[in-house]
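Undergrad: sequence and computational prediction follow.
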Protein chains: 2
Amino acid sequence: MSLEDEFRKCMTKISPISDMTFKELMAITTFETYEKGATFVKTKKRSSKEFMLLDGISKSYVHNLKGESVTISFFLEGKFITPSFNREIEGTSNVNLMAMTNIRLAVMDSAKFEEILIKRNDLKTFGNEVLQDELAQKINKEIGLASLTARERLLNFRKKYHQLENIIPHSDIASYLGITNVTLSRLRKDLKNT
Amino acid sequence: MSLEDEFRKCMTKISPISDMTFKELMAITTFETYEKGATFVKTKKRSSKEFMLLDGISKSYVHNLKGESVTISFFLEGKFITPSFNREIEGTSNVNLMAMTNIRLAVMDSAKFEEILIKRNDLKTFGNEVLQDELAQKINKEIGLASLTARERLLNFRKKYHQLENIIPHSDIASYLGITNVTLSRLRKDLKNT
DNA sequence: CTCTCTTTTTAACATTTGTTAATGGAAAAG
DNA sequence: CTTTTCCATTAACAAATGTTAAAAAGAGAG
């Protein structure tokens, strides 16, 4: 399958896009690949882009005041990454984006993407879908961190991200769950015998 | 000071608004008051409005799966409450908004507000300012919940919301911090002797 | 002012989570 | 294949947080 077809398929899976709109999108799209471990968006760097993750796994993360890396969220294949206007403060990203595996991305300039979005209703619907998913995830994560035990959060994580636990470093999962990796390991052991 | 003047003052404090734009805003604005304890936005009810909190204190909250109330954020006097497009999923709010004290609000229909926003650059700047503040707060809260101890979170809370601890129920603060109110009480005691 | 109701504090104990360090195991490098 | 390095597990202990229930303090009603 061509990159274009793949891109189209991912978009459509989120919300249907007309041929016309997709053609316009293609005109502003480049395809990029990053190797496992590459940070393709950095905080404090100015560069407004939108990303559709065609293949692989990615995470967003920040550093807290102690300098520790804190995972904010994970992105699986076919996910449209948090739009820039929901991720940037004064034109600079407030999170880093890192490839957890080798990844392939469709990359679009944010300003041009928005131009198309304004005039194309199907893309607007797409954008709303993405935004609403973002909102739902954010609030769920916050509720979880504020009111669930580490064990419950891990169970939720497993429901949402099947198999991810076997693919990416546990330290990333632990910081996502707001626990240490020692605690994660303990919980994993406990849950085996249940 | 008239309600209008008060409204204007609150807006300006966030980002300057021209006379012309403000006049248009006033045409779609009503002023409402709610008594302490009133929930003026409910999840699952359809009604897209924007709120400027002229006076008093408000909170947003949700219920988790166990039915417990979880405080998401607090709003102080002069704060523009999380815009509907950042709070609603398919036209229905994903949080409840409650008055923690008697409050006064400037209330605007979201669709009409957006119409003005589209054509008025000063209002767009205002909107961006609000959005960016929202983003910054959200990410900070998430980092805190994921990587700070309860004690550190309480200290941050105090820095951000001076005096709030003496005004609103501790159960609301505890759920905001992701701890029980017994733990909150303990931390308060500890921090006295420091 | 007194009584009632609600909120906050305190206590005692259980449980969870963090810390540090050692062990084990798997992947990468030579 | 062996060695090295990195990551996950385990253990032992410390610290933080939750749970339950009782006491104290505050707020509101009559």
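TA: Cool, got the structure.
Undergrad: C-alpha only now, for contacts and for neighbours.
TA: Fine.
Undergrad: tell me what residue A:108 is bridged to.
TA: On the basis of DSSP bridges, residue A:108 is bridged to residue A:29, residue A:50.
Undergrad: would you say residue A:70 is within a helix?
TA: No. The assignment for residue A:70, made by DSSP: H, G, I helix; E, B strand; the rest coil, is strand rather than a helix.
Undergrad: hmm, residue A:171 and it touching each other?
TA: No. Using CA atoms under 8 Å, residue A:70 is not in contact with residue A:171, being 9.4 Å away.
Undergrad: okay, these two: which has more neighbours?
TA: Ranked by neighbour count (other CA atoms under 10 Å in any protein chain shown), residue A:70 and residue A:171 place residue A:70 first, with 25 against 18.
Undergrad: report pLDDT for the more buried one.
TA: According to the prediction, residue A:70 has pLDDT 97.
Undergrad: can you pull the contacts of it?
TA: A:61-64, A:172, A:175-176, B:143, B:146-147 (CA atoms under 8 Å, 6 or more residues apart in numbering or on different chains).
Undergrad: dump those residues to TSV, plus distance to DNA strand C and secondary structure.
TA: Listed next are those as TSV, based on distance: CA to the nearest atom of the strand, whole Å; DSSP: H, G, I helix; E, B strand; the rest coil:
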residue	distance to DNA strand C	secondary structure
A:61	17	strand
A:62	17	strand
A:63	16	strand
A:64	14	coil
A:172	13	helix
A:175	9	helix
A:176	11	helix
B:143	13	helix
B:146	8	helix
B:147	7	helix
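Undergrad: and those residues, which of them are buried?
TA: A:61-62, A:172, A:175-176, B:143, B:146-147 (16 or more other CA atoms under 10 Å in any protein chain shown).
Undergrad: and chain A, which residues reach DNA strand D?
TA: Contacts of chain A with DNA strand D, taken as CA under 7 Å from any atom of the strand, map to A:168-171, A:181-186, A:188-189.
Undergrad: among those, name the ones in helices.
TA: Among the residues of chain A next to DNA strand D, the ones falling in helices (DSSP state H) are A:170-171, A:181-186, A:188-189.
Undergrad: so which of those is the most crowded?
TA: Most surrounded of these: other CA under 10 Å gives residue A:184, at 21 neighbours.
Undergrad: dump the residues of chain A next to DNA strand D to TSV, plus distance to residue A:27.
TA: As requested, these are exported to TSV (distance: CA to CA, whole Å):
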residue	distance to residue A:27
A:168	34
A:169	37
A:170	39
A:171	39
A:181	44
A:182	48
A:183	48
A:184	45
A:185	47
A:186	50
A:188	47
A:189	50
